[in-house]
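Peer 1: fold the following and give me the result.
(3 chains)
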Amino acid sequence: MLKATIDAEIFRESIDAMAALVTECRLHTEEDTLRTRAVDTANVAMVSLELKSGAFESYTATPGELGLDIAKMKNVLGMMGKGDTLTMDLPEEERKLEISFKGYRYSITLLDVNTIRKDPNPPTIELPGRVIISGNALNNAIKAAAVISDKIALGIDPDAMTFYMEAEGDTDHIKLALGEDELVSLNPVSARSLFSLDYLKDMGKVMAKAAEVEVHLGVDHPVRFAFDIADGNGRVEYLLAPRIEAD
Amino acid sequence: MLKATIDAEIFRESIDAMAALVTECRLHTEEDTLRTRAVDTANVAMVSLELKSGAFESYTATPGELGLDIAKMKNVLGMMGKGDTLTMDLPEEERKLEISFKGYRYSITLLDVNTIRKDPNPPTIELPGRVIISGNALNNAIKAAAVISDKIALGIDPDAMTFYMEAEGDTDHIKLALGEDELVSLNPVSARSLFSLDYLKDMGKVMAKAAEVEVHLGVDHPVRFAFDIADGNGRVEYLLAPRIEAD
Amino acid sequence: MLKATIDAEIFRESIDAMAALVTECRLHTEEDTLRTRAVDTANVAMVSLELKSGAFESYTATPGELGLDIAKMKNVLGMMGKGDTLTMDLPEEERKLEISFKGYRYSITLLDVNTIRKDPNPPTIELPGRVIISGNALNNAIKAAAVISDKIALGIDPDAMTFYMEAEGDTDHIKLALGEDELVSLNPVSARSLFSLDYLKDMGKVMAKAAEVEVHLGVDHPVRFAFDIADGNGRVEYLLAPRIEAD
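Peer 2: Numbers count the residues shown, from 1 in each chain, chains lettered A, B, ... in the order given. Here you go, the predicted structure:
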């Protein structure tokens, strides 16, 4: 059972964060939290999202699991404008989620959760390097690298006290090094890993709206991005596997 | 013979109203009115347009018939900006319409009226249900339905005193009911018919600009939309045949 | 050797002026000027560009020749925002141009100049007709003609004291005549030549930003457009061969 009212903009932010990686997910309703975690079809990236009851104007739920078609939710959200408020209503034992806003009542059949991949277990990995950077600066760096390559190295240079990104094209090369002045904070531990820009570009668009993004890095290890949404009442985490650096 | 000067924006509105359904039409010049009526190639929808001389800055005409290529007129209008004024000049016995604006003189060969379908006779049908609604609200309802289906039911519920629209997707369903507060007026006669959204979407874009649209409905009958253009000096009517509701 | 700093917007203007016709060029560095001249692959149009040291915030160069990939430069410029400043650095005997802005260091491999067509010699042609017109009005005339045709006649009518353009579609015709009031200046010498709109449309987009464009015309002769960029510290010239007017 779920009955909740939320600002359309906050809900759109949440759905967009998921849509960067997956088209469907298992949404877990808990007494005071809405939660989901999913991996992309290639098993390269994972997203987890948590919305606390404080993110909602009103929120009542009993523990349960919903199969959500994210592409369809994006369509519905496309009908809403800024400032609209939407109400979700899923009675106990129902398989139809009713979404209403501004006189509209939209009834959407949920997916059978058994047809959706099980929730992934978050891997326990040590990522000692840690940078906090504005989401916009992070997204700009990703876009700049994408102009010349399809992969990007992210790293920390503890001697220069910089967070850097580097990309190599066929004949060209781009490097961006950001010092402490341009970062919110930096943990000076040597780190460097290579990532696919395909994934990062989609994540970057979502992260661009975050004031601060935590970036956790290791050496040839995954990267974890974490940032708040809904004025701190929600949190998104992306985990992306590294690519092997060709010699 | 026709010699008239008109604000480009008003002329664009008129051409767009026709372009929603047809690519060419017979334009009738009368002493104090410009008038046209046409059906789409599938015989499903009809549009009629009337521009009184008051819609023009100046207007002189003798009774006649012109074959107008609407797609071409849209191209010409594409060259004009807001606030531009255009002059149409068709001397007696001429087959070239001269359109001039801002130093440009555009000479456009008219279509042979015999190659264009004859004007349809407006059917005499009784449509007892009548709603007046803002064009923008009507267009939003059409767009919302189009997200999940290719047809829409429009109806009046006299008990609830609402004008409603309803659309059924493969697994989803959307309903919008507007009460008297959200309407300009409502004639509480039971009505409900099903329509193709293909047509309504194109009409909706045009109607979105009208402050008020009259909607005339029956039970499994056509719908008629009527609205003013050119500050009340012109009027557009759309008539759309219903679709059979599948059991 | 080249080391120069320039406003991103001025550099973008210069690259766009070249990109209208060619995808690569030989860039000549001189002590106080950056200069290039190129013809399009079909040998129909020529562009020449000159940026004086005054267009730069700082400029130091020794005489040399660089093979520039213009498409790639456009990509790099796409990363920059308004108000950004970029620094170009090409050490002596180097084949990699380093472009840096806002913490980014972009290293771009230059093209081998021997793989790029030699600089064309500017033909010595007499074009007695001369008009000065706002770039925006010129571009609008080009766009209006393109709606109905793929070629345009540009001419001067010394009796009517007008600069005119004329285009002929299959059934339609457009003419624009601009008198002295709508021009900056006019040299009343009879002139008329026909040109391909394919080329003019691309040039028009660039010229639209120029306050004044000099247009030099003859009878069945090329047209030369010339205009300032970089607050008068740079100059662009386009030369376009005429098309034969079919009887």
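Peer 1: surely A:Y59 and A:E30 touch.
Peer 2: No: A:Y59 is beyond contact range of A:E30, at 10.3 Å (criterion: C-beta atoms under 8 Å). For glycine as for every other residue, the C-beta is placed from the backbone atoms N, C-alpha and C.
Peer 1: looking at the two, which is more packed in?
Peer 2: In terms of neighbours (other C-beta atoms under 10 Å in any protein chain shown), A:Y59 is the more surrounded of A:Y59 and A:E30; the figures are 21 against 14.
Peer 1: ok, and the closest non-adjacent residue to the residue in chain A that chain C sits nearest to?
Peer 2: Of all residues in chain A, A:T171 sits closest to chain C, with a separation of 3.8 Å (C-beta to the nearest C-beta). Nearest-residue entry for A:T171: C:T109, 3.8 Å, with adjacent residues in sequence omitted and distances by C-beta to C-beta, 6 or more residues apart in numbering or on different chains.
Peer 1: which segments of chain A make up each domain?
Peer 2: A:2-113, A:129-240 (automatic domain parsing).
Peer 1: from start to finish, how long is the first one in a straight line?
Peer 2: The stretch domain A:2-113 measures 16 Å between its terminal residues, going by C-alpha to C-alpha, to the nearest Å.
Peer 1: show me what the lowest-mean-pLDDT helix or strand in chain A is in contact with.
Peer 2: For chain A, using mean pLDDT, DSSP states H and E, the weakest element among its helices and strands is helix A:70-78, scoring a mean of 90. With C-beta atoms under 8 Å, 6 or more residues apart in numbering or on different chains as the test, helix A:70-78 has contacts from A:8, A:11-12, A:15-16, A:18-19, A:22-25, A:99, A:106, A:108, B:147-148, B:172.
Peer 1: any of those buried? List them.
Peer 2: A:8, A:11-12, A:15-16, A:18-19, A:22, A:24-25, A:99, A:106, A:108, B:147-148, B:172 (16 or more other C-beta atoms under 10 Å in any protein chain shown).
Peer 1: isn't A:E24 right next to A:T41, touching?
Peer 2: No: with contacts counted by C-beta under 8 Å, A:E24 stays clear of A:T41, the gap being 10.4 Å.
Peer 1: what about the most far-flung residue of chain A relative to its centre, which SS state?
Peer 2: Residue distances from the centre of chain A (C-alpha atoms, centre = their mean) peak at A:T171, which lies 32.7 Å from the mean C-alpha position. The three-state label for A:T171, taken from DSSP: H, G, I helix; E, B strand; the rest coil, comes out as coil.
Peer 1: what's the pLDDT at it?
Peer 2: Per-residue confidence for A:T171 comes out at a pLDDT of 87.
Peer 1: and it, how far is that from C:L154?
Peer 2: Applying C-beta to C-beta, to the nearest Å, one obtains 42 Å for the distance of A:T171 from C:L154.
Peer 1: same question for A:E13.
Peer 2: As it turns out, when the distance is counted by C-beta to C-beta, A:E13 lies 53 Å from C:L154.
Peer 1: neighbour count for these two, which is higher?
Peer 2: Neighbours were counted for A:E13 and for C:L154 using other C-beta under 10 Å; C:L154 has more, 25 against 20.
Peer 1: so what's the closest residue to that one other than its chain neighbours up against?
Peer 2: Here the nearest residue to C:L154 in space, its sequence neighbours aside, is C:M165; by C-beta to C-beta, 6+ apart that works out to 5.4 Å. Contacts for C:M165 were tallied using C-beta under 8 Å, 6+ apart; they are C:141-142, C:145, C:152-155, C:175-176.
Peer 1: put the buried members of those residues into a ChimeraX selection.
Peer 2: To isolate the buried members of the contacts of C:M165 in ChimeraX, using 16+ other C-beta under 10 Å:
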select /C:141,142,145,152,153,154,155,175,176
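Peer 1: what's the closest of the contacts of C:M165 to chain A?
Peer 2: Comparing these against chain A with C-beta to the nearest C-beta places C:I142 closest, at 30.9 Å.
Peer 1: quick check, the helix or strand where the closest one lies touching chain B?
Peer 2: Applying DSSP states H and E as the criterion places C:I142 in helix C:135-146. Yes: applying C-beta under 8 Å from any C-beta of the partner chain, one finds that helix C:135-146 is in contact with chain B at C:140, C:143-144.
Peer 1: in a markdown table, list the residues you listed along with neighbour count and pLDDT.
Peer 2: Written out in a markdown table, the entries for the residues of helix C:135-146 next to chain B read as follows (neighbours: other C-beta atoms under 10 Å in any protein chain shown; pLDDT from 0 to 100):
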| residue | neighbour count | pLDDT |
| --- | --- | --- |
| C:N140 | 19 | 93 |
| C:K143 | 17 | 94 |
| C:A144 | 23 | 92 |
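Peer 1: pretty sure A:G204 contacts A:A137?
Peer 2: No: here A:G204 does not reach A:A137: they are 10.5 Å apart, not a contact under C-beta under 8 Å.
Peer 1: those two: which is more packed in?
Peer 2: Taking other C-beta under 10 Å, A:G204 and A:A137 do not tie; A:G204 has more neighbours (23 against 19).
Peer 1: from A:N43, how far out is that one?
Peer 2: Distance from A:G204 to A:N43, counting by C-beta to C-beta: 21 Å.
Peer 1: now do A:L240
Peer 2: Using C-beta to C-beta, one obtains 11 Å as the distance from A:L240 to A:N43.
Peer 1: so the two - more neighbours on which side?
Peer 2: Using other C-beta under 10 Å, the more surrounded residue of A:L240 and A:N43 is A:L240, with 22 against 10.
Peer 1: so for the more buried one, what's the pLDDT?
Peer 2: Per-residue confidence (pLDDT) for A:L240: 98.
Peer 1: residues contacting it?
Peer 2: Taking C-beta under 8 Å, 6+ apart, we find A:L240 in contact with A:44-46, A:195-196, A:199-200, A:203, A:222-225.
Peer 1: I'd like the residues you listed as JSON lines, with distance to chain B appended.
Peer 2: Compiled in JSON lines, the contacts of A:L240 are given as follows (distance: C-beta to the nearest C-beta, whole Å):
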{"residue": "A:V44", "distance to chain B": "30"}
{"residue": "A:A45", "distance to chain B": "28"}
{"residue": "A:M46", "distance to chain B": "28"}
{"residue": "A:F195", "distance to chain B": "35"}
{"residue": "A:S196", "distance to chain B": "32"}
{"residue": "A:Y199", "distance to chain B": "28"}
{"residue": "A:L200", "distance to chain B": "30"}
{"residue": "A:M203", "distance to chain B": "26"}
{"residue": "A:P222", "distance to chain B": "36"}
{"residue": "A:V223", "distance to chain B": "36"}
{"residue": "A:R224", "distance to chain B": "35"}
{"residue": "A:F225", "distance to chain B": "31"}
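Peer 1: highest neighbour count among these?
Peer 2: Comparing the contacts of A:L240 by number of neighbours (other C-beta under 10 Å), A:L200 comes first, having 28 neighbours.
Peer 1: so A:V47 touches A:E237, yeah?
Peer 2: Yes: taking contact to mean C-beta under 8 Å, the distance of 7.1 Å between A:V47 and A:E237 places them in contact.
Peer 1: neighbour count: the two, which is higher?
Peer 2: In this view A:V47 and A:E237 are compared by other C-beta under 10 Å, and A:V47 has more residues nearby, 25 against 18.
Peer 1: what's the burial count for the closest residue to A:D150 other than its chain neighbours?
Peer 2: Beyond its immediate neighbours in the sequence, the residue positioned closest to A:D150 (C-beta to C-beta, 6+ apart) is A:L197, lying 5.2 Å away. The criterion is other C-beta under 10 Å. On that basis, A:L197 has 19 neighbouring residues.
Peer 1: now A:F163
Peer 2: 30.
Peer 1: near chain B, which residues of chain A?
Peer 2: Counting by C-beta under 8 Å from any C-beta, the residues of chain A lying close to chain B are A:72, A:75-76, A:78-79, A:103-109.
Peer 1: now chain A against chain B: closest residue?
Peer 2: Distances between chain A and chain B by C-beta to the nearest C-beta are smallest at A:T109, namely 3.8 Å.
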